[in-house]
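> Build me a model from this:
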Amino acid sequence: MSQDKTIEPRHVAGSKLAVLRAHPIFSDLDAEAFEQLGRYVKPATFKRGATIFSKGDPGNSLIAVISGTVKISVSSPDGRSAILNLIGPGEIVGEVAVLDGQARTADATANSNCEIFVIDRREFLPFVRCQPALAMKFIELLCTRLRWTSDQVEQVILQDLPGRLASALIRLTERHKAAKDSRTIAVTQQEISEMVGMSRESINKQLRAWAMRNWVRLEHGAIVVLDLEPLQEIAGTAPQDD
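Have a look, this model is predicted:
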């Protein structure tokens, strides 16, 4: 992990553990099991831009985001980068490498100042083996990740720019559970461009066109979705009438 971080004392505030408790994977653990899990947690904080782990690093820990956003990305030798996911509070990352013991498959960077929990693989795997229901939930999580990746690949290959951009905005509003009347996505246009594989200039032009139709509103470091229905139609995900 990056040295640009702060490791907190082993004691973890109950309010922070509650964020972990709310995750669907851990929500059904009985009190004793969750208390045991809490003893394995090591809190850490990262400044914006700090590397949490890099592609190829040993997959020796599970990461849970408590506050802030973690960017999962890959880059090419010529400096191009692609954002695979943005992980927000209450979500976990690094589960693939933790479970199979192989190297990290992408970079994880603090997209803002972040608080995270780190759970060592040497403690976490024996815990999972004693919790069969927890193991099944991890299988479900991996299936969800696979479907997410499949959808991303399909959109990049088959959809045009408006379709890719609309799909990305819809996906982000759903994943971060934005309120129905305030779909604010904390993402920059550069980050969106790296998610959909198009230039920032093209993204900006399309977003401004949609802003003129009052479908979205552009803010500094954020995009507010004002009207989801036309974006769903462009993305091909609009609900079908019976």
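> Need the residues that contact stretch 21-30.
20, 34, 37, 64, 90-92, 131, 133-134, 137-138, 141 (Cβ atoms under 8 Å, 6 or more residues apart in numbering). Where you see a C-beta, it was placed from the backbone N, CA and C, and this is true even at glycine.
> May I see the buried residues of that stretch?
Within stretch 21-30, the residues that qualify as buried are 25-26, 29, counting by 16 or more other Cβ atoms under 10 Å.
> quick one: contacts of whichever helix or strand residue 232 is part of?
For residue 232, the host element (DSSP states H and E) is helix 228-235. The contact list for helix 228-235 (Cβ under 8 Å, 6+ apart) reads 159, 162-163, 166-167, 169-170, 173, 183, 210, 213, 215, 225, 238-239.
> Next step: those residues restricted to helices.
162-163, 166-167, 169-170, 173, 210 (DSSP state H).
> Among those residues, which one lies nearest to residue 145?
Using Cβ to Cβ, residue 167 is the member of the ones in helices among the contacts of helix 228-235 that sits closest to residue 145, with 17.0 Å.
> Give the full set of residues in contact with the closest one.
Residues in contact with residue 167 (Cβ under 8 Å, 6+ apart) are 151, 155, 159, 196, 235, 237.
> Verify the contact between residue 164 and residue 202 for me.
No - assessed by Cβ atoms under 8 Å, residue 164 is found out of contact with residue 202, at 10.1 Å.
> Which one's more surrounded, those two?
residue 164 (24 against 14; other Cβ atoms under 10 Å).
> Domain map for the chain?
Structural domains assigned to the chain are 14-156, 159-235, following the TED database.
> Okay, now the unreliable bits of this protein?
Low-confidence segments of the chain, defined by pLDDT under 70: 1-14, 175-182, 238-242.
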